[in-house]
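**Student:** sequence and predicted structure are below.
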Amino acid sequence: MKRDYKNTINVLAPVLLSSVMVVLAILAYRLNTVFLPLPKTGTMAVAAGRYHTVGLRSDGTVTATDGPTSSWCRVYDLTGVVGITAGHDYTICLLEDGTVLPLGMKIFEKTQISEWNDIVQISMGRNHVAGLTQNGSVVAAGENQHGQCNLSGWKNIIMVSAGLNHTVGLRKDGTVIAAGENNYGECDVSSWRNITAVAAGEHITIGLRKDGTVITAGKNDHGQCEVSEWNGITAVSAWDSAAGIREDGTAVIAGAPYDLSSWEDLIGISSGFGFTVGVKKDGSVVAEGANAYRQCEVYDWNLLVSDRE
């Protein structure tokens with residue numbers, strides 16, 4: 001009986017291709033390959049600025065503390081938000097369509113940012129903002145006296161973080177790039193390897209390694225770089241202090257005049273100017289530190305539930 005090899009190949013080819021794709025996917029997972037992040041709904045997040053705190057609910061609505069003025073806290077009518085970031089006097093929201101909505105920013109900065117599209121992540125420094133695009137390039141707007149917005153040549157970036165006067169990017173291969181002010185060595189990150197997350201703050205840069213340890217560069221006048229004993233860390237944040245979340249949901253902090261030892265069940269953390277905010281699995285929010293502008297008055301927040309009718 002003559003076999004129809006051509007038909008057999010046609011039948012088996014899709015099966016073989018699917019098997020190869022499954023094997024490649026498993027290998028990618030086991031090698032901890034980092035893929036470009038995409039915005040998604042159903043994510044709770046907090047962002048701490050200088051005078052205010054912003055919270056993103058799981059339904060895409062936003063809440064905020066008052067701050068000294070309300071121009072950057074007018075977030076209550078927003079919907080379809082998938083990302084938030086807070087600066088000294090600004091709030092910026094990432095929308096579902098990949099565009100961004102700035103609140104409180106100067107006119108010329110709003111004009112620049114209004115042209116952005118295909119954005120998947122945003123980060124606000126003191127007076128500049130960086131946006132990560134779908135293709136791994138980075139755009140920036142705002143103050144640029146230190147070159148913190150000169151990011152047009154960056155490629156293969158999977159995470160971006162804006163600090164006081166510098167910007168840090170995490171490449172797909174786990175290396176790190178930085179631009180901007182480097183008076184304290186905060187941009188000396190070219191030798192870093194196996195990094196899975198970065199955070200830029202006030203003259204400080206933090207890198208989270210694949211093994212759960214943390215590396216820092218920059219100013220250490222009050223111990224904000226003393227993180228050598230941290231381990232089992234899953235997330236980091238920075239401003240004038242360094243903060244992290246452990247695998248068990250508890251928090252660590254370096255360089256702050258307060259501690260976070262009572263925090264637990266954390267899934268997100270954000271360091272602001274003199275205070276730190278965390279979001280828990282149940283949607284509740286905790287805060288510690290400076291509260292002159294009520295930026296820590298978040299104890300009645302529930303980021304799982306919207307208070308809109």
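**Tutor:** In hand now; what should we look at?
**Student:** Gln112 in helix, strand or coil?
**Tutor:** helix (DSSP: H, G, I helix; E, B strand; the rest coil).
**Student:** low-confidence stretches in the protein?
**Tutor:** Low-confidence regions of the chain, defined here as pLDDT under 70, cover residues 1-42, 67-72, 107-108, 308-309.
**Student:** can I see the domain layout of it?
**Tutor:** Taking automatic domain parsing as the reference, the chain has its domains at 1-31, 40-289.
**Student:** I'd like the ones you listed as a markdown table, with mean neighbour count and distance to Val298 appended.
**Tutor:** Any C-beta I mention is one placed from the backbone N, CA and C, and that applies to glycine too. Output for these, formatted as a markdown table (neighbours: other CB atoms under 10 Å; distance: least, CB to CB, whole Å):
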| stretch | mean neighbour count | distance to Val298 |
| --- | --- | --- |
| domain 1-31 | 9 | 36 |
| domain 40-289 | 20 | 4 |
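**Student:** for those domains, could you give me CSV that also reports distance to Gln295?
**Tutor:** Output for those, formatted as CSV (distance: least, CB to CB, whole Å):
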stretch, distance to Gln295
domain 1-31, 39
domain 40-289, 5
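**Student:** which one of the ones you listed lies nearest to Asp307?
**Tutor:** Asp307 lies closest, by CB to CB, to one member of the domains of the chain: domain 40-289, at 7.6 Å.
**Student:** how distant is that closest one from the center of its chain?
**Tutor:** Chain-centre distance of domain 40-289: 4 Å, with CA atoms, centre = their mean, to the nearest Å.
**Student:** ranges for the strands of the stretch 51-200 of the chain?
**Tutor:** For the stretch 51-200 of the chain, applying DSSP state E, counting those that start in this stretch gives strands covering 53-56, 62-64, 81-86, 91-95, 100-103, 119-124, 128-133, 138-142, 157-162, 166-171, 176-180, 195-200.
**Student:** which elements pack onto the fifth one?
**Tutor:** If contacts are counted by 3 or more CB pairs under 8 Å, 6 or more residues apart in numbering; DSSP states H and E, strand 100-103 sits against strand 91-95, helix 107-113.
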